[in-house]
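Enquirer: quick one: sequence plus predicted model below, questions after.
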Amino acid sequence: MTGLLLVLSCLSVAAAPDQFDGAIEHARLLGTIDLKGELFHVQGLELDSRRIWVTSVDQNLRKGYIHEFDRRTGKFLRRLELTDGARYHPGGISLSGRSIWVPVAELRPNSSAMLVEVDADSLAIRRKIPVADHLGCVAASGRHLVAGNWNSELLYIFDLGEDAPARIVPNPSPTRYQDMKFVDGQLVAGGSLTLWSGAVDWIDWPSMKTKRTLRAGASGPVRPFGRGGPYTGEGMAIEGRDLYVVPEDGPSRLFHFRLEDRDESRPA
């Protein structure tokens, strides 16, 4: 059976249209950092000047975690379990101020999730917001949250300053977002297109229109036969022109790319 799946996978890859064979379009790899600690199936990435945070899910034990590492050395520092009953799947994460926002969901579509606010310094949980859908990623900026559901087919827009239901808009891109961030007044979101390809999109805020797309190839053998996959298929973070991704399950590496110096608002 495994042999048949491998053959089918190879045929699918060969037939893929517009396959991108590089790492990330218009980006240069500067280096990697080994993350020296136990990680499971990687989901989200965030960082500041001193630390790296990664979410992962242990699917065998049905437990979800946020892990903290030293940014300079990759040394493991600590982790917090995020499991909440049937909700054990943490997704893409976002740092806003001194809060890290993490969606923790049931591992099935059309289910339920908690948007969890975690203190970045103590890893204490500040609050939880229930949502009646699976949420797999979130971007945070002040009072606004944008979260993607299963495969990010829909984007939920929350205003934490108002007691009102979320606004729901369709994903303006075919990319199945895994991680998204607010960057300089825009959303930057990365995810998979297929098992072997992904993309990073720049989305205008608040119009939610795609402004630019960079294609991404795969790192190593694609899942489920290896621990690699699309470079943008799991955790992604961005600082200016510096793009960081964690495309591998544990043992994992943080890949550091430098984007070309060009007008990021220009459509690809």
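Expert: Yep, it's here.

Enquirer: can you tell me which residues contact the most centrally placed residue in the chain?
Expert: With distances taken as C-alpha atoms, centre = their mean, the chain has D179 as the residue nearest its mean C-alpha position (2.3 Å). Shown here is D179, whose contacts under the criterion C-beta atoms under 8 Å, 6 or more residues apart in numbering are 43-45, 91-93, 137, 189-191, 234-237. To be clear about C-beta, it is placed using only N, CA and C from the backbone, and glycine gets the same treatment.

Enquirer: swap in 10 Å and give it another go.
Expert: Taking C-beta atoms under 10 Å, 6 or more residues apart in numbering as the contact definition, D179 lies against 43-46, 55, 91-94, 136-139, 148, 188-191, 200, 232-238, 245-246.

Enquirer: now I157
Expert: The contact partners of I157, by C-beta under 10 Å, 6+ apart, come to 139, 144-147, 166-169, 205-206, 208.

Enquirer: of these, closest to L77?
Expert: Proximity of those to L77 was ranked by C-beta to C-beta; the top entry is A139 with 24.3 Å.

Enquirer: pLDDT at that closest one, what is it?
Expert: Reading off the confidence values, A139 has pLDDT 98.

Enquirer: so L195 versus G217, what's the distance?
Expert: Here L195 is placed at a distance of 12 Å from G217 (C-beta to C-beta, to the nearest Å).

Enquirer: show me whatever sits in contact with both of those two.
Expert: With C-beta under 10 Å, 6+ apart applied, the overlap between the contact sets of L195 and G217 consists of P230.

Enquirer: low pLDDT regions in the chain?
Expert: Within the chain, the stretches falling below the threshold (pLDDT under 70) are 1-18, 221-227, 262-268.

Enquirer: is the nearest residue to W196 once chain neighbours are set aside in a bridge, and if so with what?
Expert: For W196, ignoring the flanking residues on the chain, the nearest one in space by C-beta to C-beta, 6 or more residues apart in numbering is A218 at 4.5 Å. Judged by DSSP bridges, the bridge partners of A218 are P230.

Enquirer: just I238 next, same as before
Expert: L243.

Enquirer: who are the contact partners of it?
Expert: Neighbour list for I238: 45, 47, 179-181, 183-184, 188, 190, 200, 202, 244-245, 257, 259 [criterion: C-beta under 10 Å, 6+ apart].

Enquirer: surely L30 touches H256?
Expert: Yes. Applying C-beta atoms under 10 Å, one finds L30 in contact with H256, separated by 4.7 Å.

Enquirer: the more surrounded of the two?
Expert: Set side by side, L30 and H256 give different neighbour counts by other C-beta atoms under 10 Å, the larger being at H256 (17 against 12).

Enquirer: now the more buried one, what's its secondary structure?
Expert: strand (DSSP: H, G, I helix; E, B strand; the rest coil).

Enquirer: before we move on, what about N151?
Expert: Using three-state DSSP, the secondary structure recorded for N151 is helix.

Enquirer: ok, then the element right after the helix or strand where I33 lies?
Expert: With elements delineated by DSSP states H and E, I33 resides in strand 27-34, which encompasses its position. The helix or strand immediately downstream of strand 27-34 is strand 41-47, counting by DSSP H and E.

Enquirer: tell me the bridge partners for the residue nearest to the centre of the chain.
Expert: Counting by DSSP bridges, D179 forms beta bridges with G190.

Enquirer: report the separation between it and A164.
Expert: Using C-beta to C-beta, D179 is found at 26 Å from A164.

Enquirer: same check, this time on E38
Expert: Counting by C-beta to C-beta, the gap from E38 to A164 is 41 Å.

Enquirer: with E68 instead?
Expert: Noted for E68: a distance of 34 Å to A164, by C-beta to C-beta.

Enquirer: so which of these two has more stuff around it?
Expert: More crowded of E68 and A164, by other C-beta under 10 Å: E68, with 20 against 8.

Enquirer: sheet partners, orientation included, of the host helix or strand of that one?
Expert: Per DSSP H and E, E68 falls inside strand 63-70. Partner strands and pairing direction for strand 63-70 (DSSP bridges) are strand 51-58 (antiparallel), strand 76-81 (antiparallel).

Enquirer: turn those strands into TSV, columns for distance to K128.
Expert: Putting the strands paired with strand 63-70 into TSV (distance: least, C-beta to C-beta, whole Å) gives the following:
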stretch	distance to K128
strand 51-58	15
strand 76-81	13
